[in-house]
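J.: task: produce atomic coordinates for the following.
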Amino acid sequence: MPASKPASRRSLKSDLARVDAHRIKKGEYEELPELTEEMLAHAKINKGGRPPSENPRKQLTLRLPADVIERWKASGPGWQTRMADRLSKVR
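T.: Okay, the predicted model is just below:
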């Protein structure tokens, strides 16, 4: 990440402190629907995240001359992907 851009945290846009401080009262339980077997049968677990890649990348440490790296970086965003594409064509 460039030093000129400050890192920003994603926000839930919710007052989490207020939510954490709330204690459920006895009367609030009556508002909740009763869970049925049918509801549980239709439940879906969403693990989130990206789907697994068919061709996952592996980390590699590679020493290259500084001028080579600078030329790739000067070609603009996506230089690492373009470099990987070029290297994959070399056999």
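J.: what's the longest helix in this structure?
T.: helix 79-89 (DSSP state H).
J.: what are the buried residues along that helix?
T.: Neighbour-count burial for helix 79-89, counted by 16 or more other CB atoms under 10 Å, picks out Met83. (Glycine included, C-beta is placed from N, CA and C.)
J.: if I look at the residue positioned nearest the centre of the chain, how far off is Leu16?
T.: Taking CA atoms, centre = their mean as the criterion, Gly49 is the residue nearest the geometric centre of the chain, at 6.1 Å. For Gly49, the distance to Leu16 (CB to CB, to the nearest Å) stands at 22 Å.
J.: Glu34 versus Ala84, what's the distance?
T.: Going from Ala84 to Glu34 by CB to CB gives 54 Å.
J.: how about low-confidence regions in the chain?
T.: Across the chain, the ranges flagged by pLDDT under 70 are 1-10.
J.: and the helices in it?
T.: 16-21, 37-41, 66-74, 79-89.
J.: buried ones in the second one?
T.: Taking 16+ other CB under 10 Å as the neighbour-count basis, helix 37-41 is seen to contain no buried residue.
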